[in-house]
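Student: Turn this into a model:
(one chain, ligands or ions: 1)
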Amino acid sequence: MISEDPLRTVLYIDLSKRSFWTEDRRDLFEQYIGGTGVAINLLQKECRQNANPLGPDNPIIFAVGPLTGVFPLASKTVALFKSPLTGNLGESHAGGRSATAIRMAGYGAIVIKGASETPVYLVIDSDKVHFKDASALWGLKSSFTVGRIIREQEDGAGLRTIMRIGGAGEKMVSYACVITETYRHFGRLGLGAVFGSKKLKAISVSGRRRIKVENPKTYRELYKEVFNRTVKSPAMKKYHDLGTAVNISPLNELKALPTENLKQNSFDQAGGISGESIAEKYLGRRVACSHCPVSCIHLATYREPYASEPYFYKTTMVGYDYELIYSFGTMLKISSPEGLLKILDEVEKYGLDVMSTGVALAWATEAQERNLIPSEGDVNGAKLRLQWGDYDTYIKAIEYLTDQPNDFYKALARGVSYASSKYGGSEFALSFGGNEMPGYHTGPAAHIGHLIGSRHSHLDGAGYSIDQQNLKEPGKSTPENIAKALIDEEKWRQILSSLTICFFARGIYDIDTVLKTLSVLGYKLTKDDLTRIGSEILREKYQFKIREGFNPRNITIPKRILETPSPHGVISEDTIRKGVESATDLLEKL
Ligand code: SF4
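Tutor: Numbers count the residues shown, from 1 in each chain. As a prediction, this is how the structure comes out:
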């Protein structure tokens with residue numbers, strides 16, 4: 001690495017003792033690069049075995065990498081923790097300004113330990129850490145308001161990140177998220193609940209450091225090459241123009257778009273909420289994470305008329321993308337784009353993971369249809385009957401998920417796996433290893449990937465992409481081939497996420513480009529080294545999961561995925577079981 005690179009510095013913060021210190025961990029950054037690689041090593045050391053995910057022994061690790069702030073699209077911060085949703089590995093990546101701010105403050109990683117007795121927010125300003133009283137912020141349900149207050153209160157405008165929770169994090173909803181820069185999130189697996197359990201309302205990080213590369217001429221040439229490839233890439237243009245929402249129409253046509261809690265594989269009214277349709281009528285702005293020329297973040301302008309004043313509107317910018325349209329649009333059959341934007345704004349406000357929330361409400365709607373929760377869905381004697389497409393009632397349910405006014409919403413706030421274990425309906429609970437389903441019913445590879453991936457996410461091994469390739473070559477769609485493709489992809493993604501490169505740029509950062517960027521930054525690594533490091537990181541993550549009780553051989557396969565046909569036809573349980581078995585063998589041999 002670059003000599004004197006502050007990336008090697010790990011900042012430790014103990015919330016119980018209100019103390020902080022740094023350690024030089026050059027060894028760790030040289031061995032595991034940064035991001036996920038460094039974070040999993042820190043997590044294994046700092047997280048006691050069987051620690052309560054909502055107790056002081058569960059640390060939060062943030063890590064960035066050597067490319068952060070130096071090359072385009074290395075814009076993510078990796079957060080690792082023990083997940084309150086799955087009980088094992090919690091991993092979430094967010095962009096915004098988080099990664100650049102952490103590195104420019106002088107750190108490669110931040111470890112937050114312990115728990116505060118009273119509400120607190122942290123201000124990390126280069127080498128200073130301030131523990132600020134957050135009593136006045138505690139109880140504010142809106143993550144927007146929290147962000148606004150801290151923005152006005154603290155220095156560092158333009159350079160800082162403000163990570164914060166809304167009401168859902170405070171109430172420790174198992175899938176509460178952490179919001180950064182309003183439109184970016186540590187979305188999945190419940191980091192917001194871990195913040196809440198530590199009485200940590202927010203973290204602001206800012207810094208003004210510069211990174212001095214040792215060979216500026218070679219660096220500039222390589223930077224230009226990566227930048228030009230990015231801005232000329234058709235894939236990046238697609239992300240810029242319509243964003244991931246562009247995938248709604250093709251996946252709907254392919255009959256791979258989960259609808260109505262996956263009772264269906266397509267939505268006959270998807271046209272009104274497709275990426276094209278929302279962009280034409282509502283697109284207001286595109287924004288980008290720090291140091292990214294793509295601007296894939298699409299914000300719709302939602303105008304809500306005031307009841308008493310004609311031609312007077314409350315105007316809100318609402319982020320949307322493929323997963324958001326899937327989880328609240330098609331899963332709940334909300335065909336009104338305005339209804340969809342209104343509900344997405346509410347979810348953002350409370351700070352809930354959109355995917356888990358949409359899937360939880362889809363399960364709850366079907367469970368109510370089947371009378372599994374006859375009166376437990378009522379609050380204060382009032383009936384709250386969830387119905388497909390009824391976004392006003394879903395908005396009320398989101399408030400209840402946060403406030404948890406009765407046993408039913410308490411259970412639903414712990415995820416569909418828990419709620420269905422209490423009320424029944426596990427056969428249509430779309431939970432994979434405890435995490436709610438992403439928006440892909442493309443075939444067996446997607447579901448094997450969701451079952452076995454480190455995060456139980458579509459981002460682990462990109463099974464949705466393997467399924468679509470296999471449609472062209474059906475002979476390749478054997479469980480063994482699928483398992484190998486998933487694990488190979490997941491190994492390589494450990495390198496990308498250790499470099500904290502946005503996965504949308506995976507086509508730009510091929511192995512040769514990664515080696516060139518690392519070489520400019522003083523890393524002498526070969527292709528074999530990267531292959532070995534990717535395997536090692538994946539192995540460490542898998543071992544952490546096993547250590548915390550994950551057993552792939554006992555995993556529950558949601559029956560619903562075997563009932564609704566995918567583009568590969570009806571998926572057999574045998575195919576899924578064999579795929580999981582093969583993937584497990586590969587993981588055990590890493
Ligand atoms: S492509 Fe999108 S998500 Fe990725 S770094 Fe750029 S703006 Fe952020």
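Student: For the stretch 351-500 of the chain, give the residue positioned nearest to the ligand.
Tutor: For the stretch 351-500 of the chain, the nearest residue to the ligand under the criterion CB to the nearest ligand atom is residue 500, separated by 9.8 Å. In short, each C-beta sits where N, CA and C put it, glycine included.
Student: Close to the ligand: what parts of the stretch 151-300 of the chain are there?
Tutor: Residues of the stretch 151-300 of the chain lying close to the ligand (CB under 6 Å from any ligand atom) are 239, 288, 289, 292, 294, 295, 296, 297.
Student: So what does the closest residue to the first one other than its chain neighbours have for phi and psi?
Tutor: Read it as residue 239. Nearest non-adjacent residue to residue 239, counting by CB to CB, 6 or more residues apart in numbering: residue 296, 4.0 Å away. In terms of degrees, to the nearest 10, the main-chain angles of residue 296 are phi -90, psi -10.
Student: Next: residue 24.
Tutor: On the backbone of residue 24 - angles per degrees, to the nearest 10 - the values are phi -80, psi 110.
Student: rewinding a little: next one: the residue nearest to residue 239, what pLDDT does it get?
Tutor: Residue 296 is assigned 96 on the pLDDT scale.
Student: Would you mind measuring from it to residue 214?
Tutor: Counting by CB to CB, to the nearest Å, the gap from residue 296 to residue 214 is 32 Å.
Student: Equivalent analysis for residue 390, please.
Tutor: Per CB to CB, residue 390 is found 60 Å from residue 214.
Student: before we move on, what about residue 239?
Tutor: Distance of residue 239 to residue 214, computed by CB to CB: 33 Å.
Student: So for these two, which sits in the more crowded spot?
Tutor: residue 239 (22 against 11; other CB atoms under 10 Å).
Student: Pull the contacting residues for the more buried one.
Tutor: Residue 239 makes contact with 294, 296, 504, according to CB atoms under 8 Å, 6 or more residues apart in numbering.
Student: what about the last one, neighbour count?
Tutor: Around residue 504 sit 20 other residues, with neighbours defined as other CB under 10 Å.
Student: and if you look at the first one?
Tutor: Look at residue 294: counted by other CB under 10 Å, it has 25 neighbours.
Student: check contacts around it.
Tutor: With CB under 8 Å, 6+ apart as the criterion, the residues that contact residue 294 are 73, 230, 236, 239, 240, 288, 504, 505.
Student: Leaving aside the residues adjacent along the chain, what's closest to the third one?
Tutor: In space, and not counting its chain neighbours, residue 236 is closest to residue 294: 5.1 Å by CB to CB, 6+ apart.
Student: Sketch out the low-pLDDT regions of the chain for me.
Tutor: Across the chain, residues meeting the criterion (pLDDT under 70) sit at 376-377.
Student: one more time with 80
Tutor: Applying pLDDT under 80 to the predicted model, the residue ranges of the chain that meet it are 1-4, 374-383.
Student: Let me see the contact set for residue 431.
Tutor: With contact set as CB under 8 Å, 6+ apart, residue 431 has these partners: 359, 415, 416, 417, 420, 437, 556, 558.
Student: do residue 386 as well
Tutor: If you count contacts by CB under 8 Å, 6+ apart, residue 386 has them with 361, 364, 365, 368, 377, 393, 394, 397.
Student: give me the number of residues near the closest residue to residue 166 other than its chain neighbours?
Tutor: With CB to CB, 6+ apart as the criterion, residue 166 has its nearest non-adjacent residue at 3.1 Å, and that residue is residue 351. Around residue 351 sit 31 other residues, with neighbours defined as other CB under 10 Å.
Student: just residue 498 next, same as before
Tutor: When counting by other CB under 10 Å, one arrives at 28 neighbours for residue 498.
Student: And the residue nearest to residue 236, how close does it get to residue 65?
Tutor: When CB to CB is the yardstick, residue 294 and residue 65 sit 19 Å from each other.
Student: what sits against residue 501?
Tutor: Here residue 501 is in contact with 65, 67, 73, 74, 76, 509 (CB under 8 Å, 6+ apart).
Student: between those residues, which is nearest the ligand?
Tutor: Each of those was checked against the ligand using CB to the nearest ligand atom; the closest is residue 73, at 5.2 Å.
Student: Was I right to think that closest one contacts residue 292?
Tutor: Yes - with contact defined as CB atoms under 8 Å, residue 73 reaches residue 292; the gap is 5.3 Å.
Student: Common neighbours of those two, please.
Tutor: Overlap between the contact sets of residue 73 and residue 292, as judged by CB under 8 Å, 6+ apart, is given by residue 502.
Student: The two - which one has more neighbours?
Tutor: residue 73 (27 against 22).
Student: In which helix or strand does that one reside?
Tutor: Counting by DSSP states H and E, residue 73 is held by no secondary-structure element, helix or strand.
Student: ok, it - contacts?
Tutor: Listed by CB under 8 Å, 6+ apart, the contact partners of residue 73 are 230, 291, 292, 294, 501, 502, 504, 505, 508, 509.
Student: Skipping adjacent residues, who's closest to it in space?
Tutor: Computed as CB to CB, 6+ apart, the closest residue to residue 73 that is not its neighbour in sequence is residue 505, at 4.0 Å.
Student: Next, count neighbours for the one you found.
Tutor: Other residues lying near residue 505 total 24 when counted by other CB under 10 Å.
Student: can I assume it is in contact with residue 230?
Tutor: Yes - with the criterion set as CB under 8 Å, residue 505 and residue 230 qualify as a contacting pair; they are 6.8 Å apart.
Student: joint contacts of the two?
Tutor: With contacts defined as CB under 8 Å, 6+ apart, the residues adjacent to both residue 505 and residue 230 are 72, 73, 236, 294.
Student: Out of the residues you listed, the closest to residue 476 would be?
Tutor: Lowest distance from residue 476 to the shared contacts of residue 505 and residue 230 (CB to CB) belongs to residue 236, with 27.8 Å.
Student: burial of that closest one, as a residue count?
Tutor: Each residue near residue 236 was counted by other CB under 10 Å, and the total is 22.
Student: Likewise for residue 276?
Tutor: Number of residues near residue 276 (other CB under 10 Å) recorded here: 14.
Student: List, one by one, the residues from this protein near the ligand.
Tutor: For the chain, the residues in contact with the ligand under the definition CB under 6 Å from any ligand atom are 73, 75, 95, 239, 288-289, 292, 294-297, 502, 504.
Student: Out of the contacts of residue 73, which sit inside helices?
Tutor: The subset of the contacts of residue 73 located in helices under the criterion DSSP state H comprises residue 230.
Student: will you turn the contacts of residue 73 into CSV that also has distance to residue 251?
Tutor: Written out in CSV, the entries for the contacts of residue 73 read as follows (distance: CB to CB, whole Å):
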residue, distance to residue 251
230, 25
291, 30
292, 25
294, 21
501, 25
502, 21
504, 17
505, 22
508, 24
509, 25
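Student: right, and the residue nearest to residue 239 touches residue 504 too?
Tutor: Yes - the pair residue 296 and residue 504 qualifies as a contact (CB under 8 Å) at a distance of 6.3 Å.
Student: Out of the residues of the chain next to the ligand, which sit inside strands?
Tutor: Within the residues of the chain next to the ligand, residues falling in strands by DSSP state E are residue 297.
Student: Please enumerate the helices of the stretch 251-400 of the chain.
Tutor: Taking DSSP state H, counting those that start in this stretch as the criterion, the stretch 251-400 of the chain contains helices spanning 275-282, 322-324, 337-350, 354-369, 391-403.
Student: and those helices, which is most packed in?
Tutor: Across those, averaging neighbours per residue (mean count of other CB atoms under 10 Å) puts helix 354-369 on top, at a mean of 26.
Student: other SSEs contacting it?
Tutor: Taking 3 or more CB pairs under 8 Å, 6 or more residues apart in numbering; DSSP states H and E as contact, the helices and strands that helix 354-369 lies on are helix 322-324, helix 337-350, helix 391-403, helix 416-423, strand 435-436.
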